[in-house]
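[1] build me a model from this:
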Amino acid sequence: MVKSLDAILLISLGVLVLAAAAEWLHARRCARVERLAFGAAGPRRWTRFAGAIRAASVALLAWSVLVLWSIDGASADSHKAKPPTHHLVIALDVSPSMYIKDAAGGKKSRQHRAAEVVMSVLDRLDMASTRVSIVAFYSAARPVVIDTLDLAIVQNVLGELPLGHAFKAGQTDMYSGIAAAGEIGKTWKPRSSTLLVVSDGDTIPEKAPVALPPAFSDVLVVGIGDPIRASPIADRVSRQDSASLKRLAARLRGDYYDANASHLPTRTLRGLKMLGLREERPTPLRTIALWCAGLSAVALAGLTPLLVFAGTRRAAVARTATVTASTVSTRPRAATVAEGAAV
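    This next block holds a predicted model:
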């Protein structure tokens, strides 16, 4: 990270030098026509700093964009990426009830809402050191993605693939998803993984689920769907079975969260030790870069109209316009006198 920050700083300084040189040449050209453009009084004093403000804003915007790209853009080359220190396994419910449109106040399907909730969690991960696995479960469970760092693949699996067609019709077996997730993480280091279960719930057997391997230190069960109003599907009705999800979270010694209307808060995620949230330097650096990008963009966008409307002295403009109008109006009179003298 240090090397990349040094390179970003050097690139930004190069942009600053180029922008300053361009502004210097522009100022030299404007000085030649200053009296013609602004009159004898000239422009306002603050406009002398417009070039410096513009050059600094361009360099600051370049620095901000490069910093955000280095933080949020994970390498697609697994050989160049850092060794994984965290694992996130997503057990995703793909049963037909997940296509019911009753999430987020009835505006979105449960599947769509589940994708949004998962992506909001992934957006707050350090993808340079975290690997993501996805297990789809319905009447059985199948691994879909194992140890990927590419968010595009995860997003495609969550939103585009009709995973429900890969299973036989039947009752949702959440325990099978838990067992498949545990099978994936059985060789990982202890306390290096987090299990994220996303489902609308269903009946669970009375027996305890399969014990997770020591790699899983945190479990978060996320409920999707309206927990109050039931929606018809086939020959029955369906709603988020929050009671069964809470029991599942208790049996796995994890936490339950209803994400039907709101995303998981960062405070909840910070309690999960193995999610790999960047809390020390990268998070403040990202915030600083976002603020710098916004301020520099506003400065660049607002400087030109500010120069137009507030860069010229109004009195000088009025006098220049009056002198110009009087000069134009005296020209016909002078021409008439000259013609009379000639006659």
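
[2] what segments of the stretch 151-300 of the chain are helices?
    According to DSSP state H, counting those that start in this stretch, the stretch 151-300 of the chain carries its helices in the segments 151-159, 174-184, 242-251, 266-270, 282-310.

[3] just name the most buried of those helices.
    Stretch with highest mean neighbour count among the helices of the stretch 151-300 of the chain: helix 174-184 (a mean of 22; mean count of other C-beta atoms under 10 Å). For the C-beta atoms, the positions are set from N, CA and C on the backbone; glycine is no exception.

[4] need the contact partners of that helix.
    89, 91-93, 133, 135-137, 140-143, 146, 195, 197, 199, 201-202, 204-205, 209-213, 216, 244, 248, 252 (C-beta atoms under 8 Å, 6 or more residues apart in numbering).

[5] alpha carbons only: can I get that helix in CSV?
    Output of helix 174-184 as CSV, limited to C-alpha atoms (Å, rounded to 0.1, in the frame of the first residue of the first chain):
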residue,chain,number,x,y,z
MET,A,174,-31.3,-24.9,5.4
TYR,A,175,-29.1,-27.4,7.2
SER,A,176,-27.8,-28.7,3.9
GLY,A,177,-26.5,-25.2,3.2
ILE,A,178,-24.8,-25.0,6.6
ALA,A,179,-23.2,-28.4,6.0
ALA,A,180,-21.9,-27.5,2.6
ALA,A,181,-20.4,-24.2,3.9
GLY,A,182,-18.7,-26.2,6.7
GLU,A,183,-17.3,-28.6,4.1
ILE,A,184,-15.7,-25.8,2.2
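
[6] average pLDDT for it?
    For helix 174-184, the mean per-residue pLDDT is 90.

[7] that helix to helix 242-251, inter-axis angle?
    Relative orientation of helix 174-184 versus helix 242-251 (axes from the mean of the first three to the mean of the last three C-alpha atoms, to 10 degrees): 30 degrees.

[8] still on that earlier bit, which among the contacts of helix 174-184 count as buried?
    Listed as buried from those are 89, 91-93, 133, 135-137, 141-142, 195, 197, 199, 201-202, 204, 209, 212-213, 216, 244, 248, 252; burial here means 16 or more other C-beta atoms under 10 Å.

[9] what residue lies at the spatial centre of the protein?
    Most central in the chain under C-alpha atoms, centre = their mean is residue 123, positioned 6.8 Å from the mean C-alpha point.

[10] still on that earlier bit, which of the helices of the stretch 151-300 of the chain sits closest to residue 23?
    helix 282-310 (11.4 Å; C-beta to C-beta).

[11] just checking, what packs against that closest one?
    Packing contacts for helix 282-310, counted by 3 or more C-beta pairs under 8 Å, 6 or more residues apart in numbering; DSSP states H and E, involve helix 50-72.

[12] which other residues reach the helix it packs on?
    1, 4-5, 8-9, 11-13, 15-16, 19-20, 22-24, 26-27, 282, 285-286, 289-290, 292-293, 295-297, 299-300, 303, 307, 311.

[13] let's see 6 Å
    Contact with helix 50-72 is made by 4, 8, 12, 15-16, 19-20, 23, 27, 282, 286, 289, 292-293, 296, 299-300, as judged by C-beta atoms under 6 Å, 6 or more residues apart in numbering.

[14] and residue 217, how many residues sit next to it?
    Residue 217 has 15 neighbouring residues, counting by other C-beta atoms under 10 Å.

[15] can I assume it is in contact with residue 189?
    No - at 10.3 Å, residue 217 does not count as touching residue 189 under the criterion of C-beta atoms under 6 Å.

[16] before we move on, back to that, now, the buried ones among the contacts of helix 174-184 that are in strands?
    In strands, judged by DSSP state E, the following of the buried ones among the contacts of helix 174-184 are found: 89, 91-93, 133, 135-137, 141-142, 195, 197, 199, 216.
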